[in-house]
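**Q** Provided below for reference: sequence and predicted model.
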Amino acid sequence: MNLAKIGLSALLIGSALILAGCSDSTTEHGAAQETQTINIYSARKEDLIRPILERFTEDTGIETRLLTADAGALLSRLENEGINTPADMLITVDAGNLNRAKEAGILAPLESEYLAEVIPAHLRDEDNYWYGLSKRARVIFVNPEMLDPAEIQTYEDLADPRFKGQICIRSSDNIYNQSLVASMIAEHGEEYTQKWAEGLVNNFARDPQGGDRDQIRAAAAGRCAIAVANTYYFGAMQNGSAEDRAVTEKLELVWPNQNDRGAHVNVSGAGLVSASNNAEAVRALIEYLATADAQQWYAQVNNEHPVNPNVAPSETLAGWGEFKADDLNLSQLGELNADAVRLMDRAGWR
């Protein structure tokens, strides 16, 4: 079965429905905008999303209008704009942010048989408020000149006193770390995770600072033996400047917890803005982004794994080897976010 054709067929049907209803439109968004233009608020950088949107327009005739900003800023803007927002669709990173949008009433459910078929259930909202579009893992990077990578094989190991003063990781206000802690709560419960977080904080090589690339660079420079970061940053550096490539060559990637639940994964994803009257066009676009061709391009450019299991990873990602991923339903990361934040604060993770 050709999944790309299924997706293209679905979006063309959706487009036809939209165009069929355009003549009498008097909505706030305006007839032309409702039927022919999708307004997108995106936390992905424009150069990482614009080309595939242009291909969508070429294939369907539906235009897109893109506004990009930080994930937190977009959520605040959508809350402030309320029912007057021009946005039809939200694209953002991390299931924690997607769940915040759901809980704030920013997103509306959007059902699609095609998306239910090609996106695994744990990578989409159980109530269809959002769908994962690309997948990344939060993993461990080790400087083998300072530590044998075989010494640290699980997230639980990060709290081992053997690694005191050896770990670089971002601050607790980072959503990626909050979701990692939420996944630990889902697996072990809050009491265990509290002790784990306290042990991890005791192992910090320095006060948390900078982004994921900064943790990777610090480990390569010998400021710490261990860094925790998302895989796509490492992939971007492998395909980046000569300086960044040299950094990645000094580190080894460790896929955590391969003998039990698997590595913690998260998604970038999209959903229908609840104030939009353009649901059919948004459904068509999200279905398009889940087709094999779009998934292959999207994952290649973003150095992320496709959510569509029928699409192979890029050459860069394939070079890291196969891995077992945690199949925790990502909706739980958002549901446990507040508990995770409070726990990190109690542990002294700043």
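**A** Alright, I've got the coordinates.
**Q** can you give me the helices for the stretch 101-250 of the chain?
**A** According to DSSP state H, counting those that start in this stretch, the stretch 101-250 of the chain carries its helices in the segments 113-118, 175-188, 190-202, 212-220, 231-238, 242-248.
**Q** between those, which one is nearest to residue 289?
**A** helix 113-118 (9.6 Å; CB to CB). For glycine as for every other residue, the C-beta is placed from the backbone atoms N, C-alpha and C.
**Q** Show me which residues of that closest one are buried.
**A** Buried residues in helix 113-118, counting neighbours by 16 or more other CB atoms under 10 Å, are found at 114, 115, 118.
**Q** And for stretch 216-228?
**A** The neighbour-count check on stretch 216-228 (16+ other CB under 10 Å) flags 216, 217, 218, 219, 220, 223, 224, 225, 226, 227, 228 as buried.
**Q** now do stretch 322-338
**A** Buried residues in stretch 322-338 (16+ other CB under 10 Å): 323, 325-326, 328-337.
**Q** sorry, back to before: can you tell me which of the buried residues of stretch 216-228 is closest to residue 178?
**A** residue 228 (12.9 Å).
**Q** thought the closest one was touching residue 168?
**A** Yes: applying CB atoms under 8 Å as the test, residue 228 and residue 168 come out as touching, 7.5 Å apart.
**Q** Find residues that contact each of those two.
**A** Here residue 228 and residue 168 have residue 215 as joint contacts, going by CB atoms under 8 Å, 6 or more residues apart in numbering.
**Q** re earlier: among the helices of the stretch 101-250 of the chain, which is nearest residue 345?
**A** Among the helices of the stretch 101-250 of the chain, the nearest to residue 345 by CB to CB is helix 190-202 (9.7 Å).
**Q** who touches that closest one?
**A** Helix 190-202 is touched from outside by 156, 158-161, 164, 167, 169, 181, 184-185, 188, 339, 343-344, 346-349, with contacts defined as CB under 8 Å, 6+ apart.
**Q** Buried among those? Make that a PyMOL selection.
**A** Selecting only the buried entries of the contacts of helix 190-202 in PyMOL, with 16+ other CB under 10 Å as the criterion:
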select buried, resi 156+158+159+160+167+169+181+184+185+339+343+344+347+349
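**Q** Which of the contacts of helix 190-202 fall within strands?
**A** Per DSSP state E, strands hold the following members of these: residue 167.
**Q** picking up where we left off before, need the buried residues of helix 113-118 in CSV with distance to residue 57 and pLDDT, can you?
**A** Shown next, in CSV, are the buried residues of helix 113-118 (distance: CB to CB, whole Å; pLDDT from 0 to 100):
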residue, distance to residue 57, pLDDT
114, 20, 97
115, 20, 98
118, 22, 97
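**Q** Would you mind giving the residues you listed as a markdown table with distance to residue 97 added?
**A** Putting the buried residues of helix 113-118 into a markdown table (distance: CB to CB, whole Å) gives the following:
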| residue | distance to residue 97 |
| --- | --- |
| 114 | 24 |
| 115 | 19 |
| 118 | 22 |
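**Q** any idea which of those is the one closest to residue 312?
**A** Nearest to residue 312 among the buried residues of helix 113-118, with distances taken as CB to CB, is residue 118, at 14.4 Å.
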